[in-house]
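> need a 3D model of the following:
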Amino acid sequence: MYEPATRAPLNLGETVIESFHAARATYVRDHVILAALGSLGAMGVLLAMGDPNFWVGTVAAVAAIGVRGAYLASDDLTARWDLTQTRLLGPQGRAVRLDRIARLNSLGSAIQIVTQDGDKHLMKYLADKAAVKARIEAAQRTAR
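As a prediction, this is how the structure comes out:
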């Protein structure tokens, strides 16, 4: 499987406990929801402007979100986060120490990782974000 960005290297004695991947079904569902909301918004704006062809808003929104989804799928669907005994390792060399995580916020199908320094990372398109969040929190308790 192609992985567009490399993971941070493991430290001596560190092993990957679990890996979290983006889910294709979640990716598609989120884009369908985004296209539906975009359609309503675009039609609403065109109606408010008095445009008799307000239906074009739906076509434009669905096309835009469809193109965006197709274009970014190869990167978004190959993203992988690895949980070790002490860190969470993500795409593009991201590495977050478990003892430096201040909050794990839920945003749609994603988990936002907020560090004590204020850095933010996003684990996107998770099939079961509640289970992923619980697993990271359990690893945090063990790491302390």
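> what comes up buried for the host helix or strand of residue 75?
Assigned by DSSP states H and E, residue 75 belongs to helix 56-76. Neighbour counts over helix 56-76 (16 or more other Cβ atoms under 10 Å) mark 57-58, 61-62, 65, 69, 76 as buried. For every residue, glycine as well, the C-beta is placed using N, CA and C.
> next one: stretch 135-144
136, 139-140.
> off-centre distance for that stretch?
In this view, stretch 135-144 has its centroid 21 Å away from the chain centroid, taken as Cα atoms, centre = their mean, to the nearest Å.
> what does that stretch rub up against?
Stretch 135-144 has contacts (Cβ atoms under 8 Å, 6 or more residues apart in numbering) with 17-18, 83, 85-86, 88, 98-99, 101, 104, 111.
> swap in 7 Å and give it another go.
Residues outside stretch 135-144 that contact it (Cβ atoms under 7 Å, 6 or more residues apart in numbering): 17-18, 83, 85-86, 88, 98-99, 101, 104.
> by neighbours, which of those wins?
Neighbour counts for those, by other Cβ atoms under 10 Å, peak at residue 88, which reaches 24 neighbours.
> state the distance from residue 47 to residue 72.
30 Å (Cβ to Cβ, to the nearest Å).
> hmm, back to that, for the helix holding residue 75, list the C-alpha coordinates in PDB.
Only the C-alpha atoms of helix 56-76 are listed here, as PDB (Å, rounded to 0.1, in the frame of the first residue of the first chain):
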ATOM      1  CA  VAL A  56     -27.200  25.100 -10.200                       C
ATOM      2  CA  GLY A  57     -26.000  25.400  -6.600                       C
ATOM      3  CA  THR A  58     -26.600  21.700  -6.100                       C
ATOM      4  CA  VAL A  59     -24.700  20.700  -9.200                       C
ATOM      5  CA  ALA A  60     -21.800  23.000  -8.300                       C
ATOM      6  CA  ALA A  61     -21.500  21.800  -4.700                       C
ATOM      7  CA  VAL A  62     -21.700  18.100  -5.600                       C
ATOM      8  CA  ALA A  63     -19.200  18.500  -8.400                       C
ATOM      9  CA  ALA A  64     -16.800  20.500  -6.200                       C
ATOM     10  CA  ILE A  65     -16.900  18.100  -3.300                       C
ATOM     11  CA  GLY A  66     -16.700  15.100  -5.700                       C
ATOM     12  CA  VAL A  67     -13.600  16.500  -7.400                       C
ATOM     13  CA  ARG A  68     -12.000  17.300  -4.000                       C
ATOM     14  CA  GLY A  69     -12.800  13.900  -2.600                       C
ATOM     15  CA  ALA A  70     -11.400  12.100  -5.700                       C
ATOM     16  CA  TYR A  71      -8.300  14.300  -5.800                       C
ATOM     17  CA  LEU A  72      -7.400  13.900  -2.100                       C
ATOM     18  CA  ALA A  73      -8.400  10.300  -1.600                       C
ATOM     19  CA  SER A  74      -5.000   8.900  -2.300                       C
ATOM     20  CA  ASP A  75      -3.500  10.900   0.500                       C
ATOM     21  CA  ASP A  76      -6.300  10.900   3.000                       C
END
